[in-house]
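Novice: model this:
(chains A, B, C and D)
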Protein chains: 2
Amino acid sequence: MKGIVLLQMGGGPLGVNIYDIAREAHVGIGTVSRVFNNRRNVSASTREKVLEVGRRLNYQPHASAQRLARQRSNTISAIIPFFTNYFFVEVLQGVQDRVEQLGYDLILYGITRKGQTETYLRRTMQRGRVDGVLFFSMKFPEQFISRFQQLRLPIVLVDTSLPEFDSIAVENRRGAYIATAHLLALGHRRIGMINASLTSEPARLRLEGYRQALDDYGVQYDRNLVRFPKNLKSDGFNREAGHDAMEELLAMGGDRPSAAFAASDIQAFGALQALREHSLHAPKDIALVGFDDIEFAQHVGLSTIHQPMYEIGTLAVDVLAARVENPDVVPRHTTFIPELVVRETCGAGTMSPASRASRSMPV
Amino acid sequence: MKGIVLLQMGGGPLGVNIYDIAREAHVGIGTVSRVFNNRRNVSASTREKVLEVGRRLNYQPHASAQRLARQRSNTISAIIPFFTNYFFVEVLQGVQDRVEQLGYDLILYGITRKGQTETYLRRTMQRGRVDGVLFFSMKFPEQFISRFQQLRLPIVLVDTSLPEFDSIAVENRRGAYIATAHLLALGHRRIGMINASLTSEPARLRLEGYRQALDDYGVQYDRNLVRFPKNLKSDGFNREAGHDAMEELLAMGGDRPSAAFAASDIQAFGALQALREHSLHAPKDIALVGFDDIEFAQHVGLSTIHQPMYEIGTLAVDVLAARVENPDVVPRHTTFIPELVVRETCGAGTMSPASRASRSMPV
DNA sequence: GCCCTTCATGGAAGGGCTTCCACAAGATAG
DNA sequence: CTATCTTGTGGAAGCCCTTCCATGAAGGGC
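Specialist: Residues are numbered from 1 along each chain as shown, chains lettered A, B, ... in the order given. Okay, here's the model as predicted:
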């Protein structure tokens, strides 16, 4: 009767539970549970009766109670840096879509300040909160490695890696190589690089790819052509850093490069802005290639290296889900091969907007 | 002993609970609970003893159990359209920061396809899942109004509104007025508008503001100068729509406007691209003002109408939290006044980057 | 007609916490 | 010295579900 009374009250903190349904349908609570969990060993007539009562009383299982009883939250968290660039937005779409398909909830922990990372890691480690964690684009703090292992809390690193955990990333070295080689193939010989701080692994790898390409084309490496962020407060994957780096390159006067490779699209935007301020244009005055292929790269016609961000997002969720189901397999590291997208700023003419397809390559 | 045994096992699905702590510390479970919830009626010595045992056994309260017992999830969800534009990213930062300060968790439901909205609304309505909902930038489905009211599930509408619920928005009409008036003040008389579909309320209001400004300056309204998206599959707040609209304006030949106001920055980017394709430039050939002031507006020097997105995000959380604490107050509707940010594309010269401050105006 | 399965079902136990009530012991007041 | 209050404490009950075991009925084989 309780449920009915509540209905008559027309609201209130509705508390129709499994017992109300059982009483009303003249069955046991076990049966009610089985019906709502779609177990098969329930007779058709009983099932229908229970469902009918459920509809009538507007029953909904209580999420927290289910999680407690099942010892499973069906929730994962994503720890994502909000500050760096727009990379995460596109990855997030993939994450979100797959999470929905698999029926998980997604708790978002966005990092905007240093120090937040530890807070959120601790939080996400609380028992009963999440079944697994997606950790993005940042150095995973060492002191948490063993704690995660002890808790056996599944975690997947994206755009960063560690031998101990599953990881997904793009081949940064290869991407940088492709970008640089493209500019070389276009005839450029003095090619600048607008890099981020080498404390960032992607920045290191992208520098390696750049040098490798120069080497392969027999071009002497000139360290004056590689520019790092001056402001050491951030990792330098931002517009200001790109702007200032381009200023420095332009300040070289006659020695200045005829082309540049930026370690991220965001930096490339800053560089473009600097060019505009000097009434210069890409590719006419300086050809430019970025890295990431975030959505805005199309908006400004930036040639760049495409990362399959959406696919990275969906794969990350798949890998995490697999580990939740089966925690005792060795860590898997997956790599994506990035591709060049030719637009306007590299000066290679308007080729087709490039096949944006991408391939994955499990290692 | 259980806790110790588990520790010795060096892992396993650690299950140190309140009973383990109580036994080990020779106190009752109630006392343990009080200690970990910082209740004050516990003697200092007992408290210290319990905390010591807690540290030793590495105790953490179980999130689901707490939520069940407290009948409070300490979680809110945000239902956000991912597809339209980058508006949401910036609002999300504000949401995220405030949510952290208040100790809530944030479940993200990103909408990428029509129909998902209903799915997520249903999901978010499940008992025990969230304490409240943030609903962004979309028309709230009518059939859910009464259901939310009955459940007394707190909800705040952002960038959209309904008399029944709390809401937060920017004064769209005023913003459009300011943008148009600015172009008029610069001497333009043929001013185009690149609008989105009028099914969107912001689009309607922004059109009104545009017309009002023309009126006030004694300029005859010309419907040929207002362009709507051709592709009716979306609301038109996207780059393609902006691009095509600018194409249409350019196709007017000698009749073409000398300036244009775009209903969103994203559309403005598309418009700028179209200009580039015709080797035209803003503001030289056509002056341009956008709306939103998303981060990329700076990157390309777009003059635009600034919405205090971060503040909208934090306020949304505050309003929601207030309603969770006190569900029985009348809905409050808050409005922000947008401001013009002069950059390059409007042609008003390089004034100071404008005070980006913003004010709220409760109604 | 009897024994063994199989299937549907009821409900206790268990998951881990908060909260409330009861109680003891000390402090305060008259 | 008794009556009253305060403070600290223990633990049962309650939050709502899932799961497992026991039971009874029905079906199958010989």
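Novice: what residues does the spatially most central residue of chain A make contact with?
Specialist: The residue lying closest to the centre of chain A (C-alpha atoms, centre = their mean) is residue A:91, at 3.9 Å. By C-beta atoms under 8 Å, 6 or more residues apart in numbering or on different chains, residue A:91 lies in contact with A:80, A:136, A:158, A:159, A:309, A:310, A:312, A:313, A:316. Yep, even glycine has a C-beta here, placed from its N, CA and C like the rest.
Novice: let me have those in a markdown table, extended by neighbour count.
Specialist: Below are these laid out as a markdown table (neighbours: other C-beta atoms under 10 Å in any protein chain shown):
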| residue | neighbour count |
| --- | --- |
| A:80 | 26 |
| A:136 | 26 |
| A:158 | 28 |
| A:159 | 24 |
| A:309 | 24 |
| A:310 | 17 |
| A:312 | 24 |
| A:313 | 26 |
| A:316 | 28 |
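Novice: in space, what's closest to the residue nearest to the centre of chain A - neighbours in sequence excluded?
Specialist: Computed as C-beta to C-beta, 6 or more residues apart in numbering or on different chains, the closest residue to residue A:91 that is not its neighbour in sequence is residue A:313, at 4.2 Å.
Novice: thought that neighbour was touching residue A:87?
Specialist: No: Residue A:313 is beyond contact range of residue A:87, at 10.5 Å (criterion: C-beta atoms under 8 Å).
Novice: now the residue of chain A found nearest DNA strand C: which helix or strand?
Specialist: Across chain A, the shortest distance to DNA strand C (C-beta to the nearest atom of the strand) belongs to residue A:30, at 2.2 Å. Here residue A:30 sits within helix A:29-36, counting by DSSP states H and E.
Novice: please enumerate the helices of the stretch 1-150 of chain A.
Specialist: A:2-9, A:18-25, A:29-36, A:44-57, A:63-70, A:87-102, A:116-124, A:145-151 (DSSP state H, counting those that start in this stretch).
Novice: residues in the stretch 201-350 of chain A within reach of chain B, list them.
Specialist: Counting by C-beta under 8 Å from any C-beta of the partner chain, the stretch 201-350 of chain A comes close to chain B at A:239, A:269, A:270, A:272, A:273, A:276, A:296, A:298, A:299, A:300, A:301, A:344.
Novice: among those, which ones are buried?
Specialist: Neighbour counting by 16 or more other C-beta atoms under 10 Å in any protein chain shown classes A:239, A:269, A:270, A:272, A:273, A:296, A:298, A:299, A:300, A:301, A:344 among these as buried.
Novice: of these, which is the nearest to residue A:327?
Specialist: Among those, residue A:296 lies closest to residue A:327 (C-beta to C-beta), at 39.1 Å.
Novice: contact partners for that closest one?
Specialist: Contacts for residue A:296 were tallied using C-beta under 8 Å, 6+ apart; they are A:86, A:265, A:269, A:302, B:269, B:296, B:299.
Novice: got those residues as a markdown table, with pLDDT, secondary structure and distance to DNA strand D columns?
Specialist: Output for the contacts of residue A:296, formatted as a markdown table (pLDDT from 0 to 100; DSSP: H, G, I helix; E, B strand; the rest coil; distance: C-beta to the nearest atom of the strand, whole Å):
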| residue | pLDDT | secondary structure | distance to DNA strand D |
| --- | --- | --- | --- |
| A:86 | 73 | coil | 40 |
| A:265 | 94 | helix | 46 |
| A:269 | 93 | helix | 50 |
| A:302 | 95 | coil | 50 |
| B:269 | 93 | helix | 48 |
| B:296 | 84 | helix | 46 |
| B:299 | 81 | helix | 49 |
